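A.B. asks: coordinates for the following, if possible.
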Amino acid sequence: MGVEHVDAFGMSIPVRKKGRHHLAFSQGSTLAPASAKTYLSHAFKDHLEDVKDAMARLASAVPEAELGKACYPLYEHFRPAWKGWGQSAELDIDGICQLAHGGAWKEYAP
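C.D. replies: Model (predicted):
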């Protein structure tokens, strides 16, 4: 199977299709989904499912053709303020959900 590319965050991300999923591809191999899940579980702790639900709602609200170029400006809007690499910060889950309602995301996307 060859490497495909998915547009996200204003970049072309290399992926490899496995079944019905696309896995991130870097330095000649796919990245293990379990590694990503472990990282996210550690970062979001008991809030991981809430974060996933909010992000899925927002992604579903944005037309697929616009999602690749809209995701980074949206991220810039809801990302937590941080004071340095690796520092804890609060993610506004309700704010992410609010962007999904009534086309509110359009205000922050190109």
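A.B. asks: now residue 15. Nearest residue, chain neighbours left out?
C.D. replies: Setting aside the residues directly before and after it, residue 15 is nearest to residue 22 in space (C-beta to C-beta, 6 or more residues apart in numbering), at 4.1 Å. From N, CA and C alone the C-beta is placed, and that goes for glycine too.
A.B. asks: ok, now which ones touch the one you found?
C.D. replies: 4, 6, 15-16 (C-beta atoms under 8 Å, 6 or more residues apart in numbering).
A.B. asks: from those residues, which one has the minimum pLDDT?
C.D. replies: Across the contacts of residue 22, the smallest pLDDT goes to residue 6, namely 84.
A.B. asks: that one and residue 63, how far apart?
C.D. replies: Residue 6 is 16 Å from residue 63, where distance means C-beta to C-beta, to the nearest Å.
A.B. asks: looking at these two, which is more packed in?
C.D. replies: Using other C-beta atoms under 10 Å as the criterion, residue 6 and residue 63 rank with residue 6 on top: 13 against 8.
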